[in-house]
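[1] Return a 3D structure for these sequence lines:
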Amino acid sequence: AAGYSLFGFGVLFLGMKTMSDAMVPLREWPPFIHLLLKLENPLLGILAGTVFTALIQSSSAFIGIIIVLASQGLLSLDAAIPLLLGSNLGTTATAILSSLKSGLEAKKVAIAFLIIKFFSVILFAGWTIRLGTIVEQITPEVPLPRLIANSHTFINLVLMAVVLPITPLVASLVDRITGKSANPEKTAFRTLYLDEGMITTPSIALQLAKQEIIRMGMIVCSMFNGILKPFIERDFSQLDKVFSREEKVNFLRDAIKEYLLKINRGTVKASRVNESFQMLYTLNEFEKIADIISGNLAIRAEKWLARDYRFSESGKKDLTVYHGKIGRQLRRALEVFEETNLQKAALLKQKHKEYRLLSMELEKQHYARIMEGIQESAESSTTHLEILALFATIDSHATNIARIALEWNQKAT
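    Presented below is the predicted three-dimensional model:
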């Protein structure tokens with residue numbers, strides 16, 4: 001990778017040297033000199049920079065051309081700065097074109113990029129000559145090509161300092177332009193990160209798939225967080241939320257799986273294929289957890305609510321404590337996947353062993369309460385034991401996510 005990077009820089013500088021040599025005759029060609037004199041007008045310079053950068057789809061390449069022209073004495077700093085501003089604006093064309101076939105969030109990013117770059121033109125267009133003087137004062141006694149590069153850096157640093165504090169305002173403006181809320185809960189449910197246009201770039205596509213799996217994992221965690229309330233608080237509303245979230249999980253599962261398979265069909269790198277398989281395994285574990293919550297626990301909760309059974313106070317406490325511990329395991333599993341945190345993966349496996357023993361101990365305590373003649377424990381026995389067993393199964397699936405991360409890391413190294 002380092003060799004390719006060095007080779008790329010070498011080709012870049014060779015190209016600039018070749019252009020520089022080829023442009024020597026232009027110093028004395030009247031039509032070209034006349035054209036450059038017109039670029040002294042800031043508005044024409046900005047327009048030219050915008051158009052040329054949009055056409056060649058690369059601000060870096062156009063800035064390289066500006067530097068080459070300056071190195072041959074064909075361009076002054078005062079003429080170069082408007083071209084730099086135009087280049088900043090023209091580079092948004094790439095983002096806009098890329099977002100056309102993408103989702104709403106990608107379009108919002110492209111619009112925000114355009115707004116910020118257009119703001120930079122408004123900010124600097126009125127004092128391009130003064131801007132050149134400031135850069136010369138900051139970096140005195142440097143050649144003209146370096147001054148142009150420094151000007152480009154200065155423009156973007158000032159732009160960052162001005163825009164960073166007002167990013168919430170920019171985001172709000174983008175939301176108004178698109179006419180749609182940034183809150184996914186207020187719009188039709190869909191994928192937020194998957195981009196078909198990125199499948200030909202597996203490294204980016206896999207990261208997008210990962211973000212969507214993390215989103216799915218968060219929904220599964222929210223399903224688990226509320227599943228004990230129907231049993232303990234007799235809260236009917238939680239079941240509707242569980243079934244609604246299950247539909248979202250199924251939708252994301254199908255979309256992500258199809259996306260990952262498309263990536264696999266297009267890539268030849270073994271490391272990329274292995275990474276996508278790790279994601280598929282993780283996706284499968286989250287799906288199984290969601291199925292247990294909606295297909296077993298929620299169905300059991302419906303039957304529980306149809307009867308007038310109650311847990312004993314000790315039984316409630318045991319289930320609540322165990323639910324909290326398994327909930328933390330789920331969150332650890334999500335963090336392991338998100339951060340590739342191997343220490344947390346090892347901790348998750350260790351806690352799994354502890355909680356397996358705890359499940360057995362809680363089962364013994366339940367039987368002890370029945371032996372003591374506690375009526376609630378006897379009446380709720382089937383449900384109590386089933387909840388413990390299903391929580392333990394969820395813990396096993398969460399631990400599988402840690403195992404997948406550890407095994408994949410060993411193969412990668």
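
[2] Could you measure from residue 74 over to residue 278?
    Taking C-beta to C-beta, to the nearest Å as the criterion, residue 74 is separated from residue 278 by 54 Å. In short, each C-beta sits where N, CA and C put it, glycine included.

[3] the more surrounded of the two?
    residue 278 (22 against 19; other C-beta atoms under 10 Å).

[4] Name the nearest residue to that one, sequence neighbours excluded.
    Excluding the flanking residues, the one nearest residue 278 by C-beta to C-beta, 6 or more residues apart in numbering is residue 408, at 4.6 Å.

[5] got a list of what that neighbour touches?
    274, 275, 278 (C-beta atoms under 8 Å, 6 or more residues apart in numbering).

[6] Please render these as JSON lines that adds pLDDT to the earlier fields.
    Converted to JSON lines, those look like this (pLDDT from 0 to 100):
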{"residue": "274", "pLDDT": "82"}
{"residue": "275", "pLDDT": "86"}
{"residue": "278", "pLDDT": "89"}
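
[7] Closest to residue 235 out of those?
    For the contacts of residue 408, the closest approach to residue 235 (C-beta to C-beta) belongs to residue 278, at 36.7 Å.

[8] Output the contacting helices and strands for the helix or strand that contains that closest one.
    Assigned by DSSP states H and E, residue 278 belongs to helix 270-292. Where contact means 3 or more C-beta pairs under 8 Å, 6 or more residues apart in numbering; DSSP states H and E, helix 270-292 is packed against helix 202-226, helix 237-266, helix 313-339, helix 381-412.

[9] and residue 263, how many neighbours does it have?
    Neighbours of residue 263 using other C-beta under 10 Å come to 23.

[10] typed the wrong thing, it's residue 266
    By the criterion of other C-beta under 10 Å, residue 266 has 13 neighbours.

[11] how much space between the nearest residue to it once chain neighbours are set aside and residue 265?
    Ranked by C-beta to C-beta, 6+ apart and with sequence neighbours excluded, the top spatial neighbour of residue 266 is residue 199, at 5.8 Å. Per C-beta to C-beta, residue 199 is found 9 Å from residue 265.

[12] Among those two, which residue is more densely surrounded?
    Neighbours per residue, other C-beta under 10 Å: of residue 199 and residue 265, the larger number sits with residue 199, 20 against 8.

[13] Reformat the contacts of residue 408 as TSV; add distance to residue 173.
    Converted to TSV, those look like this (distance: C-beta to C-beta, whole Å):
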residue	distance to residue 173
274	42
275	37
278	39
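
[14] Which member of these is positioned nearest residue 108?
    Set against residue 108, the nearest of the contacts of residue 408 by C-beta to C-beta is residue 275 (27.8 Å).

[15] what about the closest one, how many residues close to it?
    22.

[16] list the contacts for it?
    Shown in contact with residue 275 (C-beta under 8 Å, 6+ apart): 206, 408.

[17] Let me have the helices and strands packed on helix 270-292 in a markdown table, extended by mean pLDDT.
    Below are the helices and strands packed on helix 270-292 laid out as a markdown table (pLDDT from 0 to 100):
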| stretch | mean pLDDT |
| --- | --- |
| helix 202-226 | 94 |
| helix 237-266 | 91 |
| helix 313-339 | 94 |
| helix 381-412 | 89 |
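
[18] Can I get those helices in a markdown table including distance to residue 133?
    Formatted as a markdown table, the helices and strands packed on helix 270-292 follow (distance: least, C-beta to C-beta, whole Å):
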| stretch | distance to residue 133 |
| --- | --- |
| helix 202-226 | 42 |
| helix 237-266 | 52 |
| helix 313-339 | 48 |
| helix 381-412 | 53 |
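
[19] The ones you listed: which one's closest to residue 114?
    Among the helices and strands packed on helix 270-292, the nearest to residue 114 by C-beta to C-beta is helix 202-226 (21.2 Å).

[20] Helix or strand next in line after that closest one, which one?
    helix 229-232.

[21] what's that next one packed up against?
    helix 237-266, helix 298-305, helix 313-339.

[22] go again using 7 Å as the cut-off
    helix 237-266, helix 298-305 (3 or more C-beta pairs under 7 Å, 6 or more residues apart in numbering; DSSP states H and E).

[23] Residue 230 is nearest to which of those helices?
    Checking those against residue 230 by C-beta to C-beta gives helix 298-305 as the closest, at 3.9 Å.

[24] what's the angle between that closest one and helix 237-266?
    For helix 298-305 and helix 237-266, the angle between their directions (axes from the mean of the first three to the mean of the last three C-alpha atoms, to 10 degrees) works out to 170 degrees.

[25] now the angle between helix 381-412 and helix 298-305, please.
    Using the same axes, to 10 degrees: helix 298-305 against helix 381-412 is 160 degrees.

[26] pLDDT averaged over helix 298-305, what's the number?
    Averaged across helix 298-305, pLDDT comes to 92.

[27] Let's see that helix as PDB, backbone CA atoms only.
    Output of helix 298-305 as PDB, limited to C-alpha atoms (Å, rounded to 0.1, in the frame of the first residue of the first chain):
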ATOM      1  CA  ALA A 298     -44.000 -11.600  23.400                       C
ATOM      2  CA  ILE A 299     -46.300 -14.600  22.700                       C
ATOM      3  CA  ARG A 300     -45.800 -15.800  26.200                       C
ATOM      4  CA  ALA A 301     -46.500 -12.300  27.400                       C
ATOM      5  CA  GLU A 302     -49.800 -12.300  25.600                       C
ATOM      6  CA  LYS A 303     -50.900 -15.500  27.300                       C
ATOM      7  CA  TRP A 304     -49.600 -14.100  30.700                       C
ATOM      8  CA  LEU A 305     -51.700 -10.900  30.300                       C
END
